[in-house]
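Student: Quick one, what's the 3D model for this:
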Amino acid sequence: MAEAKTKSTMESFREWVVDHKLRTVGCLWLTGITGSIAYNWSQPNMKTSVKLIHARLHAQALTLAALAGAAIVEYYDHRTGAKQERVAKFLNVDGNSRGN
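Tutor: Numbers count the residues shown, from 1 in each chain. Next up is the predicted model:
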């Protein structure tokens with residue numbers, strides 16, 4: 001029973017990520033740059049400009065990884081037809097009408 005609840009929570013999280021891909025990437029970027037700045041600030045023998053450059057590079061790498069993940073999710077949705085179902089549901093279109 002606990003597995004079913006966990007699965008539904010993970011499924012709802014996955015659906016939110018699919019529906020808000022760019023927001024997810026933006027949040028990951030913000031988290032990445034914040035964490036990298038915090039880590040780099042603990043390094044005593046670096047100039048501030050170098051710390052900021054390193055933080056930007058780390059956040060950029062994390063963003064590229066997140067965009068690649070979003071592309072994989074988009075590809076998976078396209079291959080399984082899940083995206084078509086969501087679009088049809090959003091537009092309130094049934095399978096037989098053309099919207100004339």
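Student: got the contact list for the particular helix or strand that has residue 40 in it?
Tutor: According to DSSP states H and E, residue 40 maps onto helix 21-41. Outside helix 21-41, the residues within contact range by C-beta atoms under 8 Å, 6 or more residues apart in numbering are 17, 46, 51-52, 54-56, 58-59, 61-63, 66-67, 70, 73-74. For every residue, glycine as well, the C-beta is placed using N, CA and C.
Student: Buried residues in it, which are they?
Tutor: Of the residues in helix 21-41, those buried by neighbour count under the rule 16 or more other C-beta atoms under 10 Å are 21, 24-25, 28-29, 32-33, 36-37, 40.
Student: Identify, from the residues you listed, the entry nearest to residue 9.
Tutor: Distances from the buried residues of helix 21-41 to residue 9 were compared by C-beta to C-beta; the smallest belongs to residue 24, at 16.6 Å.
Student: Just the mean pLDDT for the strand or helix carrying residue 53, thanks.
Tutor: With the criterion set as DSSP H and E, the secondary-structure element containing residue 53 is helix 48-80. For helix 48-80, mean pLDDT rounds to 85.
Student: Now the helix holding residue 40: average pLDDT?
Tutor: 85.
Student: got the angle between that helix and helix 48-80?
Tutor: Note on geometry: by axes from the mean of the first three to the mean of the last three C-alpha atoms, to 10 degrees, helix 21-41 and helix 48-80 are set 150 degrees apart in direction.
Student: Centre of the chain to helix 21-41, how far?
Tutor: 12 Å (C-alpha atoms, centre = their mean, to the nearest Å).
Student: Put the alpha carbons of it into PDB.
Tutor: Coordinates of the C-alpha atoms in helix 21-41 are reproduced here as PDB (Å, rounded to 0.1, in the frame of the first residue of the first chain):
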ATOM      1  CA  LYS A  21      10.100  21.900 -18.200                       C
ATOM      2  CA  LEU A  22      11.500  25.400 -18.500                       C
ATOM      3  CA  ARG A  23      10.600  26.200 -14.900                       C
ATOM      4  CA  THR A  24      12.400  23.000 -13.800                       C
ATOM      5  CA  VAL A  25      15.500  23.900 -15.800                       C
ATOM      6  CA  GLY A  26      15.400  27.500 -14.300                       C
ATOM      7  CA  CYS A  27      15.100  26.100 -10.800                       C
ATOM      8  CA  LEU A  28      18.000  23.700 -11.300                       C
ATOM      9  CA  TRP A  29      20.100  26.600 -12.700                       C
ATOM     10  CA  LEU A  30      19.300  28.700  -9.700                       C
ATOM     11  CA  THR A  31      20.100  25.900  -7.300                       C
ATOM     12  CA  GLY A  32      23.300  25.100  -9.100                       C
ATOM     13  CA  ILE A  33      24.700  28.600  -9.100                       C
ATOM     14  CA  THR A  34      23.700  29.100  -5.500                       C
ATOM     15  CA  GLY A  35      25.300  25.900  -4.400                       C
ATOM     16  CA  SER A  36      28.400  26.500  -6.500                       C
ATOM     17  CA  ILE A  37      28.800  30.100  -5.100                       C
ATOM     18  CA  ALA A  38      28.400  28.700  -1.500                       C
ATOM     19  CA  TYR A  39      31.100  26.000  -2.200                       C
ATOM     20  CA  ASN A  40      33.500  28.400  -4.000                       C
ATOM     21  CA  TRP A  41      33.200  30.900  -1.200                       C
END
